[in-house]
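1. please work out how this folds:
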Amino acid sequence: MRLLTHNMLASNIKGVTNGFPLRIEAEKVVEKQVDFNPDFLKNMFSKIDWKALSDACKTMGYAELPEETPDHTLLDSDEFLQKLHHALLELHLEEGALVCPETGRKFPVNKGIPNMLLHEDEV
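-> Residues are numbered from 1 along each chain as shown. So this is what the prediction gives:
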């Protein structure tokens, strides 16, 4: 699961009001090469919850992004875009879990696929 996907997932358990961001418990992280597309990154920048991305990166052992939301002028920096590209698209949570911040419910991630299915009593 890419961190781009993580940045858009939330817990939908009945009664949960604060299901974002899901905390990552990483057992296995892999890097997969993806073609660099600066235009895609520039378009996605405003849609990203920066705090969630920064925390997820640290959890997965990547500390190259700033903690605070960077200024839009950094979108002109190829170095910054390469780091953002690596974080969003090349880091993959292969095995582990996503944890609801409110309930502590763990959603397993196996072979890079998060299982977000709810139990009958959670719907």
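2. and residue 107, that's in a strand?
-> Yes. Membership of residue 107 in a strand is supported by DSSP: H, G, I helix; E, B strand; the rest coil.
3. tell me who's in contact with it.
-> Shown in contact with residue 107 (Cβ atoms under 8 Å, 6 or more residues apart in numbering): 11, 22, 97, 98, 99, 100, 114, 115, 116. C-betas here are computed from N, CA, C, even on glycine.
4. what's in contact with the helix or strand harbouring the third one?
-> For residue 97, the element it lies in under DSSP states H and E is strand 91-99. Defining contact as Cβ under 8 Å, 6+ apart, one finds that strand 91-99 is touched by 1-3, 6, 9, 22-32, 57, 60, 62, 105-112, 114, 116.
5. selecting buried members of these in ChimeraX, what would you type?
-> Buried members of the contacts of strand 91-99, defined by 16 or more other Cβ atoms under 10 Å, are picked up in ChimeraX with:
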select :1,2,3,6,9,22,24,26,29,57,60,62,105,107,109,112,114
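6. in strands, which of the contacts of strand 91-99 fall?
-> Residues of the contacts of strand 91-99 located in strands (DSSP state E): 23-31, 106-110, 114.
7. now the two most distant members of these.
-> 31 and 106 (24.1 Å; Cβ to Cβ).
8. ranges for the helices of this structure?
-> Under the criterion DSSP state H, the chain contains helices at 3-6, 38-44, 50-59, 78-85.
9. the second one: which residues count as buried?
-> Under the neighbour-count criterion of 16+ other Cβ under 10 Å, helix 38-44 has residue 41 buried.
10. send the alpha carbons of it over as PDB?
-> Taking C-alpha atoms only, helix 38-44 is exported to PDB below (Å, rounded to 0.1, in the frame of the first residue of the first chain):
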ATOM      1  CA  PRO A  38       6.400  16.100 -11.500                       C
ATOM      2  CA  ASP A  39       3.000  17.300 -12.800                       C
ATOM      3  CA  PHE A  40       1.100  14.600 -10.900                       C
ATOM      4  CA  LEU A  41       2.900  15.600  -7.700                       C
ATOM      5  CA  LYS A  42       2.200  19.300  -8.200                       C
ATOM      6  CA  ASN A  43      -1.500  18.500  -8.700                       C
ATOM      7  CA  MET A  44      -1.700  16.200  -5.700                       C
END
